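*Asks:* Kindly return the folded structure for what I paste below:
(chains A, B, C and D)
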Number of protein chains: 2
Amino acid sequence: MPGQTRRTADGGPGPVDAASRRVAGHLRDAILSGEIAPGERIRQEEVAERFGASRLPVREALRMLEAEGLTESQAHKGAWVPRLGRHEVDVIYQMRERLEPLALAESLPHLTEDDVHRIGEIQERIEANTDLAEFLALDREFHLLTYSGCPIDQLSSMVVRLWNSTQHYRRAFMYLSGPGRRWVVNAEHRLLLDAIERRDAVDAERHLSGHIRRTRIELSRHPEVFEGTTP
Amino acid sequence: MPGQTRRTADGGPGPVDAASRRVAGHLRDAILSGEIAPGERIRQEEVAERFGASRLPVREALRMLEAEGLTESQAHKGAWVPRLGRHEVDVIYQMRERLEPLALAESLPHLTEDDVHRIGEIQERIEANTDLAEFLALDREFHLLTYSGCPIDQLSSMVVRLWNSTQHYRRAFMYLSGPGRRWVVNAEHRLLLDAIERRDAVDAERHLSGHIRRTRIELSRHPEVFEGTTP
DNA sequence: CTATGATGCTTTGGATCCAATGATTGCTGG
DNA sequence: CCAGCAATCATTGGATCCAAAGCATCATAG
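*Replies:* I've put the predicted structure just below:
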């Protein structure tokens, strides 16, 4: 799952990746892929041993992930992946409905023709794809690419953060709902892509907010997503 | 400037404050009060010596502040307070226009009668006050109190983050514009407060987004705010 | 048999020391 | 006199060691 490693700072020509950022990247992938589930605790020493580093960069990595909404921590009690409730996920999707159209509008003027072309290619791969994990990765890549021209760091990082913290529930939802309504996603993506190609910010914002809103409402009809995995 | 110290985690019954959180609190106050200006670099050792700690908790504190949008950092190049441009601040205000009404709507049902009463008291102190620094602190306290019932951590912390990163420019703007349009703020606050007392989320959201929007537009007419302090 | 308190064990937080990287400054050659 | 290069210095990143706080278990008394 490349492309979203190295987020917070170091965005520029940063030549090296410090150990703390490397550990953060591995941990991020582990959380986003579902290997570490919500509610699960993260022990510093275990992570340090796994990635061949000392505990210190692990601590810094956990702070970075905390900034991205991927972990929570409390003094002397450790860190864990936050477990979200039904209402919490619903509100986070409402935040996406309000923020991502703005990110798209800010990004649109800066997207190159090549960028738009790549977005179209991703959509073709989405339509040809059948694997669930790959669909999630491609969908994420599709949307984040549409925001990639946004020059406002605060906005970009908040959008990524919202995607991160709901990734697990999106996966659980897609798993439950099956591929039956995949065509709706494709239609929405196609309309969004067309608006982007026409550089029509108004249409793009409308299609995007509708896309997120529909997902939120369908997701809210699967309450079983939020009850699972109670050890 | 109390009330906003100890943000990120530890929100619950956290009994102690670790040294890193204490350092983060002091640094946060220093940045929000303007003592450390945008663009200024922060040297770890200097901070460590100043607050009587080792460099390690300072490093963790800088990560926490990075999470709150108060600092930026790059590997082997250190940390500094980010300097924002005119357009960047404008977009951040647009983010506020979209997010804070949602935070208010989520908060409203959970605000107690006592909360609402305290908000009214703060507004009275705002109207009686003449000092600029105190106005900024009270205004911040007013708005954050209206969001204090919001149970969605992600939303609350994002709102605080947006307030944090624009605090310096808000102060510069208030300093330039003078008290001449203070009455507009008071009128908007009064209408907002009334809607809150009536538990009218629709009205409250409208007044709030209008309040932020007007501030954004007046702020955008003072480009000199963003050019100052070039050493 | 249960509840309460003390003790040890695990895990995190902090301090000091060492290594690596970036910037600055001085030197040398054109 | 200026440009480029190299060496030194300041600053950050990382590893190891030590202290403190939570948590669980076990023993003991009611």
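*Asks:* Centroid-nearest residue for chain A?
*Replies:* In chain A, the centroid-proximal residue (CA atoms, centre = their mean) is A:W163; its distance is 3.0 Å.
*Asks:* who touches the helix or strand harbouring A:E134?
*Replies:* Here A:E134, judged by DSSP states H and E, is contained in helix A:132-146. Residues outside helix A:132-146 that contact it (CB atoms under 8 Å, 6 or more residues apart in numbering or on different chains) are A:1, A:3-4, A:33, A:100, A:104, A:107, A:111, A:115, A:118-119, A:122-123, A:125-126, A:129, A:159-160, A:163, A:167, A:170-171, A:174-175, A:182, A:185, A:189, A:192, A:196. C-beta here means a position set from N, CA and C on the backbone, and glycine is covered the same way.
*Asks:* switch to 7 Å and redo it
*Replies:* The contact list for helix A:132-146 (CB atoms under 7 Å, 6 or more residues apart in numbering or on different chains) reads A:1, A:3, A:104, A:107, A:115, A:118-119, A:122-123, A:125-126, A:129, A:163, A:170-171, A:174-175, A:189, A:196.
*Asks:* The residue nearest to the centre of chain A and DNA strand C, how far apart?
*Replies:* 26 Å (CB to the nearest atom of the strand, to the nearest Å).
*Asks:* Poorly predicted segments of chain A, please.
*Replies:* A:1-17, A:227-231 (pLDDT under 70).
*Asks:* try 80
*Replies:* For chain A, the stretches with pLDDT under 80 are A:1-18, A:227-231.
*Asks:* what does it put close to DNA strand C?
*Replies:* A:15-16, A:41-45, A:55-56, A:59, A:73, A:75-79 (CB under 7 Å from any atom of the strand).
*Asks:* Who wins on neighbours among those residues?
*Replies:* Highest neighbour count within the residues of chain A next to DNA strand C: A:A79, with 24 neighbours (other CB atoms under 10 Å in any protein chain shown).
*Asks:* On the three-state scheme, it is what?
*Replies:* What DSSP: H, G, I helix; E, B strand; the rest coil gives for A:A79 is strand.
*Asks:* my guess is it contacts A:S73, does it?
*Replies:* Yes: A:A79 lies in contact with A:S73 (CB atoms under 7 Å); the separation is 3.9 Å.
*Asks:* shared neighbours of the two, anything?
*Replies:* A:L62.
*Asks:* count of neighbours near A:L193?
*Replies:* By other CB under 10 Å, 19 other residues sit near A:L193.
*Asks:* Identify the residues contacting it.
*Replies:* By CB under 7 Å, 6+ apart, the contact set of A:L193 is A:119-120, A:123.
*Asks:* what does A:D115 give?
*Replies:* Neighbouring residues of A:D115 by CB under 7 Å, 6+ apart: A:145, A:148-149.
*Asks:* quick one: the biggest helix by length in chain A near chain B?
*Replies:* The single longest helix within chain A, with elements called by DSSP state H, is helix A:153-177. Yes: Helix A:153-177 reaches chain B (CB under 7 Å from any CB of the partner chain) through A:154-155, A:158, A:165.
*Asks:* Could I have the ChimeraX command that selects the buried members from the residues you listed?
*Replies:* Selection of the buried residues among the residues of helix A:153-177 next to chain B in ChimeraX, burial being defined by 16 or more other CB atoms under 10 Å in any protein chain shown:
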select /A:154,155,158,165
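*Asks:* Tell me the one of the residues of helix A:153-177 next to chain B nearest B:E205?
*Replies:* A:M158 (19.9 Å; CB to CB).
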